[in-house]
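**Student:** any chance you could fold what I've pasted below:
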Amino acid sequence: LLDRMGNDHKLLKLLFDRARHNPKRVVFAEADHLDVIKAAQIVYEEGFAIPILLGRKEVILALKKEIDFDEDVLIIDPKCDEEEKRRNAYAEEFWAQRKRKGVTQFDARRLMRERNYFGAMMLNLGEADAMVSGYARSYPSALRPILETVGKFDGVNKVAATNLMLTPKGPIFISDTSVNINPTAQELANIAQMTNHTMKMFGVNPVIAMISYANFGSSDDPHALKVRQAVAMLHESNPDMILDGELQVDFALNSEMLKNKFPFSKLAGKKVNALIFPNLDAANSNYKMLKEQKDVDSIGPIMLGMRRAVHIFQLGASVEEMVNMTAIAVVDAQQKEKRRRTKSRS
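**Tutor:** From the prediction side, this is the model:
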């Protein structure tokens, strides 16, 4: 697959191998687009996902024929008459969840004609294991149905997103790249904790820098102060996390410079592989600048804190990006299934 996609990153190979070990049913919520069908074909033929294609059936069949995707995979049009019974069952379930949050039965039935609501309910009711969406719509419009249906893990106040950047110097996770515009100190601490957990899920030992324009108390401006407060919270609540700040990016990524200037830091002499930025402007701009550099690939945004394995593409994502995100979704579904089993046994 890496040869097929022109990519030789070791972490990607490990990711694909893990996905193949236990393939999952993945809903492609926008399957009546050619590039989405191409991505679905690749993940099916490579053996790490079983696609469920949502959209207009006649369009999907024509696109499959165009690219010689002959395998018999499940195609569902949430708006068609044949799906009325399932659509109404989903609507009743959704209404039961949201009736005290302003949703009427009529609203619920109307929303189940929309693919993101329909697909998310498939996850909730065990008819699929993961879902990917967002190719043809803005990130906020793809995110809202997922938050309303799938929801967050217990104890998570706000979800976030991280991007895995595959660089010549190794992988770097950047958070929060898509959701929280100006997180508080507590929210930054939560984003760091969720990033730490996700990195471990991918077999990466987290070494996390909390990024600012200031270094270790050099400014008392509120923008720097909130990062310092987040670090203090984490040092107290999670002393085993390898994390420190506030730090400028160059010090975070240059271990020798960091060690010489700030030898007291928990990051001194270590290779940082995660950057938690203080706001969405900084995180989103930096990851997009980095992904345009030569020999750098981006996987994400990877959703953090969701109860089910749901991930949202960037608008107009490439086929390669969608294939990578599907592998992420499969591995995420594997881990969430394992977590549910452990919880049920306890």
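
**Student:** sketch out the low-pLDDT regions of the stretch 151-300 of the chain for me.
**Tutor:** Within the stretch 151-300 of the chain, no stretch has pLDDT under 70.

**Student:** pop the domain breakdown of the chain in here.
**Tutor:** Split into domains by automatic domain parsing, the chain comes to 1-151+308-346, 152-305.

**Student:** turn the ones you listed into CSV, columns for mean neighbour count.
**Tutor:** For every residue, glycine as well, the C-beta is placed using N, CA and C. Converted to CSV, these look like this (neighbours: other Cβ atoms under 10 Å):
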stretch, mean neighbour count
domain 1-151+308-346, 18
domain 152-305, 19
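
**Student:** what sits against Phe202?
**Tutor:** Counting by Cβ atoms under 8 Å, 6 or more residues apart in numbering, Phe202 makes contact with Leu11, Leu14, Leu15, Leu164, Val331.

**Student:** per-residue confidence at the last one?
**Tutor:** Reading off the per-residue confidence, Val331 sits at a pLDDT of 95.

**Student:** longest helix in this protein, please.
**Tutor:** Ordering each helix of the chain by length in residues (DSSP state H) puts helix 319-345 first.

**Student:** off-centre distance for it?
**Tutor:** Distance of helix 319-345 from the chain centroid (Cα atoms, centre = their mean, to the nearest Å) equals 10 Å.

**Student:** show me what that helix is packed up against.
**Tutor:** Packing partners of helix 319-345 (3 or more Cβ pairs under 8 Å, 6 or more residues apart in numbering; DSSP states H and E): helix 10-21, strand 24-28, helix 34-45, strand 49-54, strand 130-133, helix 185-201, strand 297-304, strand 309-312.

**Student:** in CSV: the ones you listed, plus distance to Glu84.
**Tutor:** Shown next, in CSV, are the helices and strands packed on helix 319-345 (distance: least, Cβ to Cβ, whole Å):
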stretch, distance to Glu84
helix 10-21, 34
strand 24-28, 19
helix 34-45, 25
strand 49-54, 16
strand 130-133, 22
helix 185-201, 38
strand 297-304, 31
strand 309-312, 25
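
**Student:** Lys85 is nearest to which of the ones you listed?
**Tutor:** The closest of these to Lys85 is strand 49-54. By Cβ to Cβ, the value is 16.8 Å.

**Student:** picking up where we left off before, want to try TSV for the contacts of Phe202, with distance to Pro239 as columns?
**Tutor:** Shown next, in TSV, are the contacts of Phe202 (distance: Cβ to Cβ, whole Å):
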residue	distance to Pro239
Leu11	28
Leu14	29
Leu15	30
Leu164	26
Val331	28
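
**Student:** tell me which of these is nearest to Gln229?
**Tutor:** Among the contacts of Phe202, Leu164 lies closest to Gln229 (Cβ to Cβ), at 26.9 Å.

**Student:** hang on, isn't that closest one packed against Ile299?
**Tutor:** Yes: if you go by Cβ atoms under 8 Å, Leu164 and Ile299 touch, sitting 4.3 Å apart.

**Student:** need the overlap of contacts for those two.
**Tutor:** Common neighbours of Leu164 and Ile299 (Cβ under 8 Å, 6+ apart) are Ile328.

**Student:** from Asn88, how far out is the nearest residue to Leu74 once chain neighbours are set aside?
**Tutor:** Of all residues not flanking Leu74 in the chain, Ile52 sits nearest, at 4.8 Å (Cβ to Cβ, 6 or more residues apart in numbering). Using Cβ to Cβ, to the nearest Å, Ile52 is found at 19 Å from Asn88.

**Student:** repeat for Leu275
**Tutor:** Distance of Leu275 to Asn88, computed by Cβ to Cβ: 46 Å.

**Student:** got the phi/psi numbers for the most far-flung residue of the chain relative to its centre?
**Tutor:** Distance from the C-alpha centroid of the chain, by Cα atoms, centre = their mean, peaks at Asn260 (35.6 Å). For Asn260, the backbone dihedrals are phi -70, psi -40 (criterion: degrees, to the nearest 10).

**Student:** please apply the same query to the one 10 residues further on.
**Tutor:** Note on Lys270: its backbone torsions stand at phi -110, psi 160 [degrees, to the nearest 10].

**Student:** so it sits against Pro206, correct?
**Tutor:** No: the pair Lys270 / Pro206 is not scored as a contact, 10.5 Å apart, by Cβ under 8 Å.

**Student:** so what sits against both of these two?
**Tutor:** Contacts common to Lys270 and Pro206, judged by Cβ under 8 Å, 6+ apart, are Ile242.

**Student:** hang on, Leu148 in a helix?
**Tutor:** Not Leu; residue 148 is Glu. Yes: assessed with DSSP: H, G, I helix; E, B strand; the rest coil, Glu148 lies in a helix.
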